[in-house]
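**Student:** my questions concern the predicted model and sequence given below.
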Amino acid sequence: MIPYEVLPGAPASPVLLHVPHGAWEIPEAVRRDIVLDDEALAAEARHITDAHTDRIAAWAADTARPAPWRFVNRLSRLVVDPERFPDEREEMRAVGMGAVYTRTTHREVLRPDGFDPGPLVERYFTPYAQAMTDAVEARLAAAGRAVVIDVHSYPSRALPYELHGEGPRPPVCLGTDAFHTPPELLECAEDVFGRFGGTAVNSPFAGTYVPLRFYGHDTRVRALMIEIRRDLYMSEPGGEAGEGLRKLGIALGELVAQLS
């Protein structure tokens, strides 16, 4: 089972589309430690998976010139969540959803109390983080800069695990970082995605992913998270995609072209 893929774009493109939460696969050895039965696990996966986001990124790669690079997680975030901090800095640990989840979207038990996340962090989280670091390093070497665009989706109605679910739920949420998201990057995204009915910044989800090697000190690395409300392109939860997927993919391609 391939844990992740780096899909090449144009050699000199600075843009790296990161798709961390779109996969469904759970290795059998990992499945054995999850206490949910198969039906409950399938239901949880439908709620937590950013379904079809790999296809949105693929549309962007097919239409943008120069084409961006893509880093696509091929394992479910129920294995590990590669975007969490692996330590006490991660606020989602408060609801059992740090780098290794022990609770579900509805705050039910996913893994037993006292579960040791260490082996999963070592087996999956750490290699993923290193591979993303290497991918960003490659863009810096090729283009002198790197632009990491996080491609996510989120449910139209807040789920119990959300710590900030009371805020606006716009068609497209744009997650920013005070150091790594310059105003012009945010403005480009607001212009492109505003046509889908509006955007909001850091609501209901905030921040964006930058590998820790660069985080907070390397201005050559820019980043933005794009959270697409799922009713724009698919049936919820975890259902089929519609025409909105193609339109969003083309819009993402337009953003990529502006950033290249």
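**Tutor:** Happy to help now that I have it.

**Student:** surely residue 246 is in contact with residue 60?
**Tutor:** No - using C-beta atoms under 8 Å, residue 246 makes no contact with residue 60, being 10.8 Å away. The C-beta positions use only the backbone N, C-alpha and C, and glycine is treated the same way.

**Student:** who's more crowded, those two?
**Tutor:** residue 60 (27 against 15; other C-beta atoms under 10 Å).

**Student:** OK, contacts around the more buried one?
**Tutor:** Under the criterion of C-beta atoms under 8 Å, 6 or more residues apart in numbering, the neighbours of residue 60 are 17, 68, 249-250, 252-253, 255-256.

**Student:** from those, pick the one nearest residue 99.
**Tutor:** Comparing the contacts of residue 60 against residue 99 with C-beta to C-beta places residue 17 closest, at 22.0 Å.

**Student:** the closest one reaches residue 64, doesn't it?
**Tutor:** No - the pair residue 17 / residue 64 is not scored as a contact, 9.4 Å apart, by C-beta under 8 Å.

**Student:** just give the closest residue to residue 166, not the sequence neighbours.
**Tutor:** residue 158 (7.3 Å; C-beta to C-beta, 6 or more residues apart in numbering).

**Student:** who's in contact with the one you found?
**Tutor:** 165-166, 169, 204.

**Student:** Serialize these to CSV and add fields for neighbour count and secondary structure.
**Tutor:** Below are the contacts of residue 158 laid out as CSV (neighbours: other C-beta atoms under 10 Å; DSSP: H, G, I helix; E, B strand; the rest coil):
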residue, neighbour count, secondary structure
165, 16, coil
166, 10, coil
169, 20, coil
204, 21, coil
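
**Student:** hmm, which two among these are most spread apart?
**Tutor:** Checked with C-beta to C-beta, the contacts of residue 158 reach their widest spread between 166 and 169, with 9.7 Å between them.

**Student:** what sits in contact with each of the two?
**Tutor:** With C-beta under 8 Å, 6+ apart, residue 166 and residue 169 have common neighbours 158, 204.

**Student:** CA atoms of the helix or strand hosting residue 16 as CSV?
**Tutor:** Assigned by DSSP states H and E, residue 16 belongs to strand 15-19. Only the C-alpha atoms of strand 15-19 are listed here, as CSV (Å, rounded to 0.1, in the frame of the first residue of the first chain):
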residue,chain,number,x,y,z
VAL,A,15,3.6,25.4,-6.6
LEU,A,16,3.0,22.2,-4.6
LEU,A,17,-0.6,21.1,-4.1
HIS,A,18,-0.9,19.2,-0.9
VAL,A,19,-3.8,16.8,-0.6
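
**Student:** give me the packing partners of that strand, helices and strands only.
**Tutor:** helix 53-63, strand 69-73, helix 126-143, strand 146-154, helix 243-259 (3 or more C-beta pairs under 8 Å, 6 or more residues apart in numbering; DSSP states H and E).

**Student:** quick one: which of those is nearest residue 10?
**Tutor:** Residue 10 sits nearest to strand 69-73 of all the helices and strands packed on strand 15-19, at 8.2 Å, using C-beta to C-beta.

**Student:** tell me the strands beside that closest one, with direction?
**Tutor:** Using DSSP bridges, strand 69-73 pairs in its sheet with strand 4-7 (antiparallel), strand 15-19 (parallel).
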